[in-house]
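Student: What follows is a protein structure lacking sequence information:
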């Protein structure tokens with residue numbers, strides 16, 4: 001029995017040991033990192049200052065740490081491997097860069113990744129240090145001074161500022177130094193210049209350094225400018241500034257053939273010379289010698305020259321007139337080619353205020369004009385001169401701006417009872433002479449008008465009207481189809497009648513454009529056939545018998561609008577999008593003045609009264625232009 005119990009115990013112990021070995025083998029490796037910011041963080045951020053901290057590792061396995069990138073030498077971890085629980089030290093020196101640093105620590109057990117920890121170190125604040133802060137003074141005899149520049153923010157800049165700081169100039173610059181130089185001082189007091197250093201990445205970070213040059217105690221005499229510009233051939237003055245600590249300085253004009261130059265004025269600190277126009281075709285030269293009786297060793301010479309006489313020329317580009325600005329306004333730029341030392345330009349002429357100078361450089365001048373809202377061509381002269389070289393030189397050009405021209409039709413009634421087209425189109429105007437049409441001179445408007453007098457308003461006639469044919473004229477139709485303006489000056493000489501359309505200047509027959517009195521209201525109406533239908537642009541104005549009205553209709557294709565103006569004022573507008581359609585029969589492709597085309601040989605809906613203006617423009621007129629047309633009529 002005892003032997004059986006012993007065997008049973010041995011078997012039990014074997015099972016227990018096998019069970020324990022099986023648990024250890026199947027347990028997954030783990031690692032826990034405890035940092036000052038908590039347990040198993042994914043990332044931590046440390047300050048830019050030096051850092052050193054212990055991290056606690058709890059693990060049931062052997063482990064190792066890999067740093068990425070491997071070149072992140074700024075971060076130190078020790079140890080990089082171990083087994084089970086341990087403590088590691090993470091260290092980083094101060095970050096002196098202005099960008100942050102980042103590295104990732106990856107913890108492995110064998111090839112199994114257990115955890116990753118990203119460590120970010122904040123950037124250092126940008127700094128700029130220039131030394132010495134108070135540099136030694138530069139001797140009065142002149143010399144160099146070098147300043148050392150240190151920064152953690154990359155590039156930097158330096159600028160010399162302050163009044164009277166031209167004595168100091170930059171000589172050389174490297175990444176960490178800058179050298180300034182000064183010539184011999186000509187000042188009896190200390191010279192001070194301020195140099196402002198700044199960071200390119202942050203211009204608000206600056207440092208100012210004062211650089212001083214000692215006063216000049218030795219006698220000196222300096223002339224400015226030492227090499228003056230030539231006096232123009234037309235004569236003039238030249239001023240030399242005297243910088244000296246000598247009280248008895250003097251100046252004398254020397255050299256052969258120097259009588260052309262004379263002294264004009266002298267003060268304690270300057271001397272002025274003058275020259276008349278050079279009559280010679282060669283350059284004139286004189287020397288001015290500055291001396292001192294007290295200090296005979298001091299002598300300064302300045303050479304003054306005058307340009308040789310030559311004929312002034314001035315070439316303009318563009319070369320040839322006319323110089324024209326479009327009616328819509330705009331600029332005209334002229335390039336000046338001349339041998340004159342200096343030139344001037346002046347706008348002259350009566351009523352030239354429409355043209356203004358916009359910009360001028362040494363070699364160009366630009367003039368500008370707004371839109372010309374008047375029917376008149378505007379004109380102005382520009383006079384170019386070269387007063388310093390030749391007071392008599394003068395070049396005059398004329399700049400014009402086109403006026404508002406009725407470029408498709410402009411009817412002019414004549415004394416002989418006919419009419420003609422004075423527009424650039426020069427369309428044939430057929431006067432269908434008859435008992436109901438004549439012309440009459442109106443003193444109030446200083447012009448002849450057409451007088452239409454059928455026996456009944458809105459009747460049809462085979463004569464006594466004007467016919468302007470455009471059948472087959474595709475260019476004319478295209479001009480109308482792009483947008484157009486119609487204008488008339490008109491007077492009703494009849495009682496009105498409701499129920500009939502009354503047309504006075506139109507081309508309508510199942511399409512077209514023109515004016516009429518609407519049959520329901522008798523109001524002035526502009527009626528283009530656009531986008532497949534008539535666009536009734538009404539004015540609300542019913543004509544009174546015996547009163548003249550200025551009426552303008554505008555169809556703006558681009559804007560998709562039609563407008564009607566009475567006596568210079570906008571009275572109505574309507575949507576009018578689409579293409580213009582012409583009369584549905586070519587026999588009616590003509591404009592009638594005094595009615596509307598009914599066929600190739602008769603007019604209908606005829607007018608009773610005067611028509612003084614019948615014009616068509618290949619332009620969309622503006623409010624200002626329409627108002628200007630009305631003002632022109634009333635002048």
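Tutor: Now that the structure is in, tell me what you want to look at. Computed from a prediction, not measured in an experiment: that's the story for all the values here.
Student: Okay, now the unreliable bits of the stretch 101-250 of the chain?
Tutor: Across the stretch 101-250 of the chain, nothing is flagged by pLDDT under 70.
Student: Do you have the helices of it handy? List them.
Tutor: For the stretch 101-250 of the chain, helices defined by DSSP state H, counting those that start in this stretch do not occur.
Student: Likewise for the chain?
Tutor: Taking DSSP state H to define them, one finds helices in the chain at 2-26, 474-481, 623-634.
Student: Now tell me which of these the model trusts least on average.
Tutor: Lowest mean pLDDT of the helices of the chain: helix 2-26, a mean of 41.
Student: helices or strands up against the strand of greatest length in the chain?
Tutor: Longest strand of the chain, by residue count under DSSP state E: strand 390-401. Identification of packing neighbours for strand 390-401 by 3 or more CB pairs under 8 Å, 6 or more residues apart in numbering; DSSP states H and E yields strand 314-317, strand 323-325, strand 378-386. Any C-beta I mention is one placed from the backbone N, CA and C, and that applies to glycine too.
Student: Looking at those strands, which one is packed in the most?
Tutor: By mean neighbour count, with neighbours taken as mean count of other CB atoms under 10 Å, strand 378-386 ranks first of these at a mean of 20.
Student: What strands flank that strand, and is each parallel or antiparallel?
Tutor: Applying DSSP bridges, strand 378-386 is found paired with strand 344-348 (antiparallel), strand 390-401 (antiparallel).
Student: Could I get the helices and strands packed on strand 390-401 in TSV, plus columns for mean pLDDT and distance to residue 475?
Tutor: TSV is the format used below for those (pLDDT from 0 to 100; distance: least, CB to CB, whole Å):
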stretch	mean pLDDT	distance to residue 475
strand 314-317	92	34
strand 323-325	92	23
strand 378-386	94	28
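Student: any chance of the ones you listed in CSV, plus distance to residue 347?
Tutor: Shown next, in CSV, are these (distance: least, CB to CB, whole Å):
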stretch, distance to residue 347
strand 314-317, 15
strand 323-325, 12
strand 378-386, 6
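Student: picking that back up, give me the contacts around the longest strand of the chain.
Tutor: By CB atoms under 8 Å, 6 or more residues apart in numbering, the residues outside strand 390-401 that reach it are 233-234, 277, 312, 314, 316, 321-327, 329, 332, 340, 348, 354-355, 367, 369, 372, 377-386.
Student: Quick check: buried residues in that strand?
Tutor: Along strand 390-401, these residues count as buried under the neighbour rule (16 or more other CB atoms under 10 Å): 390, 393, 395, 397, 399-401.
Student: Closest to residue 529 out of those?
Tutor: residue 401 (34.7 Å; CB to CB).
Student: Relative to residue 180, how far out is the closest one?
Tutor: 57 Å (CB to CB, to the nearest Å).
Student: now swap in residue 277 and tell me
Tutor: 45 Å.
Student: More neighbours: those two, which one.
Tutor: Neighbours per residue (other CB atoms under 10 Å) separate residue 277 from residue 180, with residue 180 holding more: 23 against 16.
Student: so what pLDDT did the closest residue to residue 567 other than its chain neighbours get?
Tutor: Spatial nearest neighbour of residue 567, chain neighbours left out: residue 550 (5.2 Å); criterion: CB to CB, 6 or more residues apart in numbering. If you check residue 550, the pLDDT there is 98.
Student: Residue 569: what's it in contact with?
Tutor: residue 627.
Student: Against residue 561, how distant is it?
Tutor: Using CB to CB, residue 569 is found at 17 Å from residue 561.
Student: bridging residues for residue 550?
Tutor: Taking DSSP bridges, one obtains residue 489 as the residues bridged to residue 550.
Student: ok, now residue 469?
Tutor: Beta-bridge partners, per DSSP bridges, of residue 469: residue 590.
Student: Quick one: neighbours of the closest residue to residue 619 other than its chain neighbours, just the number.
Tutor: Once flanking residues are discounted, residue 619 sits nearest to residue 485: 6.1 Å by CB to CB, 6+ apart. A count of neighbours around residue 485, defined by other CB under 10 Å, yields 26.
Student: And residue 115, by the same measure?
Tutor: For residue 115, using other CB under 10 Å, the count is 19.
Student: Against residue 578, how distant is the residue nearest to residue 567?
Tutor: For residue 550 relative to residue 578 (CB to CB), the value is 28 Å.
Student: Could you list the domains of the chain?
Tutor: 31-121, 128-213, 225-306, 314-401, 409-634 (automatic domain parsing).
Student: out of these, nearest to residue 219?
Tutor: Of all those, domain 225-306 comes closest under CB to CB, at 4.7 Å.
Student: to the chain's geometric centre, what's the distance from the closest one?
Tutor: 46 Å (CA atoms, centre = their mean, to the nearest Å).
Student: from memory residue 547 sits against residue 493, does it?
Tutor: No: shown here, residue 547 and residue 493 do not form a contact pair, counting by CB atoms under 8 Å, at 10.1 Å.
Student: Give me the neighbour count for residue 447.
Tutor: Neighbours of residue 447 under the rule other CB under 10 Å: 15.
Student: so who does it touch?
Tutor: If a contact means CB under 8 Å, 6+ apart, then residue 447 has 413, 441, 612 as its contacts.
Student: quick one: which of these is most hemmed in?
Tutor: Neighbour-wise, those (other CB under 10 Å) top out at residue 413, 28 neighbours.
Student: how close does the residue nearest to that residue when sequence neighbours are not counted get to residue 272?
Tutor: Closest residue to residue 413 apart from its sequence neighbours, by CB to CB, 6+ apart: residue 448 at 4.1 Å. Taking CB to CB as the measure, residue 448 falls 70 Å from residue 272.
Student: Of those two, which one has the most company?
Tutor: residue 448 (18 against 13).
Student: roughly how far apart are the more buried one and residue 567?
Tutor: Residue 448 is 21 Å from residue 567, by CB to CB.
Student: One more: residue 358?
Tutor: 35 Å.
Student: between the two, who's got more neighbours?
Tutor: residue 567 (16 against 13).
Student: hang on, the more buried one packs against residue 547?
Tutor: No: using CB under 8 Å, residue 567 is not in contact with residue 547; the gap is 10.2 Å.
Student: What about the nearest residue to residue 285 once chain neighbours are set aside, how many residues nearby?
Tutor: Of all residues not flanking residue 285 in the chain, residue 305 sits nearest, at 5.3 Å (CB to CB, 6+ apart). Here the number of neighbours of residue 305 (other CB under 10 Å) works out to 17.
Student: Please, where are all the strands along the stretch 501-635 of the chain?
Tutor: For the stretch 501-635 of the chain, the strands defined by DSSP state E, counting those that start in this stretch cover 502-508, 512-517, 524-526, 529-530, 533-534, 537-538, 548-556, 561-566, 569-575, 590-593, 596-597, 603-604, 609-617.
Student: closest to residue 260 out of those strands?
Tutor: Closest approach to residue 260 among these (CB to CB): strand 609-617, 63.8 Å.
Student: what lines up beside that closest one in the sheet?
Tutor: strand 409-413 (antiparallel), strand 447-452 (antiparallel), strand 484-492 (antiparallel).
Student: Turn these into TSV, including mean pLDDT and distance to residue 194.
Tutor: Converted to TSV, these look like this (pLDDT from 0 to 100; distance: least, CB to CB, whole Å):
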stretch	mean pLDDT	distance to residue 194
strand 409-413	97	72
strand 447-452	97	77
strand 484-492	98	66
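Student: Which among those strands is found nearest to residue 467?
Tutor: strand 409-413 (11.4 Å).
Student: and the angle from the closest one to helix 474-481?
Tutor: Relative orientation of strand 409-413 versus helix 474-481 (axes from the mean of the first three to the mean of the last three CA atoms, to 10 degrees): 100 degrees.
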